[in-house]
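Provided below are the primary sequence and the corresponding predicted coordinates.
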Amino acid sequence: MAQRRLYGLLVTLVLLAAGGCQHIGPGTILDDRIPYNDAIVTSWKQQTLLNIVRLRYLDVPEFVDVPSVVSGYEHGYTTSAGIAASIAPSNSLATLWQPNLLWSRGMVDRPTISYTPQTGSEFTRNLTNPIPPVAILNLIESGNPADVVMALAVESINGVRNRGFSGQMQEADPEFRQVIQTMKRAQASGHVSLRVVPGGDPRNSDVVLGIRDESIPAELASELDQMRTLLRLDPEVREFRIVFGMLPKEKDEIAFRTRSVLRILSYLAFNVQVPESHLADGRAVDVGAASLEFEPQLTVFSGCDKPQDVYAAVHYQGYWFWIDPRDLPSKRTFVYLKFLLALADTQQREAAPALTIRAN
């Protein structure tokens, strides 16, 4: 009997030792990848919203990047075993064996998260320089709606001005909305297209906007004719080079004056609803009521109490500022802000060193 118990104990110890060799790496991917992804996205939205609110108060924006997240794990087992013998009462010769086994398992998560303040001269140039027209138009050509992208990132087209802020709120020229709506419909129909061709500058290719007139619906043809008139385009030219500037120099050019990321954020900042007390004491500039001609691309609410159901929320100067999760235009604007920040980032980065991390 005692021998069988001892044999069973030894078998148990062998099985535990074999179990200690199992891999934990795959399990940590399932447990950690999505939570880290959610945390980074949520943090990015909060940081972007906070910088928009800061700009509404003429405060300094600041960006902190999270270039890497490295999770290291320590995983181990502790096992102890013993056998005790006791002598039965004197009227018996039996000896009772009493085996005991103690086993514990532990895992420690020690993540290494890197933070990089974006304060270098290259980042500042990327933030303040206008986004190249080719980047914006390629974003449109990839299937994104022309009216949404242009209303956000374009200051003017051939001198026809978008809504903006230059010391005071500047309403858009009536023609601007008509132009971008026509471009959206023509884009969807396939009668306006963009292509990249080699240019005189080997570092920068030319972008050509083509307008097809064959088999075009009569209503769209009329709209395109009106767009040509509004932008003062030569009616005989079918392909136009896209250039940066206020006005074109040649008849086969269309001048796009694009915005920088900082100007886009500053423009969006005037959709932040500032508390009346902060306007009264001069913490923020009173810009008056927003025009209803355009659908707001961003709406930021404010209040004393922390909101519960939000897309993004930040606390600033004693108040909460947030975006409603049902506000689809605001959420769409944040998506394109993510794209535009990436397109504006032309900084060359060195490859990060490779890391080998033990997972068991």
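Alright, I've got the coordinates. Quantities reported herein were computed from a predicted structural model and do not represent experimental measurements.

Any regions of the chain where pLDDT drops low?
Counting by pLDDT under 70, the chain shows low-confidence ranges at 1-25, 27, 72-109, 166-168, 194-205, 213, 288-294, 346-360.

let's see it at 90
Along the chain, segments meeting pLDDT under 90 span 1-37, 62-128, 132-148, 163-174, 180-229, 233-254, 267, 270, 284-297, 339-360.

Determine which residue lies closest to the centroid of it.
residue 338 (3.8 Å; CA atoms, centre = their mean).

Skipping adjacent residues, who's closest to that residue in space?
Excluding the flanking residues, the one nearest residue 338 by CB to CB, 6 or more residues apart in numbering is residue 44, at 7.4 Å. C-beta coordinates here come from the backbone N, C-alpha and C atoms, glycine included.

So which elements touch the longest helix along the chain?
Once the chain is assigned using DSSP state H, the helix that runs over the most residues is helix 25-56. Packing partners of helix 25-56 (3 or more CB pairs under 8 Å, 6 or more residues apart in numbering; DSSP states H and E): strand 64-87, helix 261-269, strand 312-316, strand 319-323, helix 328-344.

Distance-wise, check the residue nearest to residue 338 relative to residue 63.
10 Å (CB to CB, to the nearest Å).

Going by neighbour count, which residues of stretch 263-278 are buried?
263-272, 274-275, 278 (16 or more other CB atoms under 10 Å).

no wait, stretch 323-331
Using 16+ other CB under 10 Å as the test for burial, stretch 323-331 gives 323-324, 327, 330-331.

Mind listing residues that contact it?
Applying CB atoms under 8 Å, 6 or more residues apart in numbering, the external contacts of stretch 323-331 come out as 49, 295-301, 309-313, 334.

repeat that with 7 Å
With CB atoms under 7 Å, 6 or more residues apart in numbering as the test, stretch 323-331 has contacts from 49, 295-301, 309-312.

For residue 178, grab the count of nearby residues.
15 (other CB atoms under 10 Å).

quick one, what contacts it?
Contact partners of residue 178, counting by CB under 7 Å, 6+ apart, are residue 230.

Quick check: it is in a helix.
Yes: counting by DSSP: H, G, I helix; E, B strand; the rest coil, residue 178 is located in a helix.

What separation do you get for it and residue 229?
Relative to residue 229, residue 178 is positioned 10 Å away (CB to CB).

from the buried residues of stretch 323-331, which single one is nearest residue 138?
residue 331 (22.8 Å; CB to CB).

And the closest one, how close does it get to residue 49?
12 Å.

Report the secondary structure state of the closest residue to residue 159 other than its chain neighbours.
Nearest residue to residue 159 in three dimensions, chain neighbours excluded: residue 247, at 5.3 Å (CB to CB, 6+ apart). Look at residue 247: counting by three-state DSSP, its state is coil.
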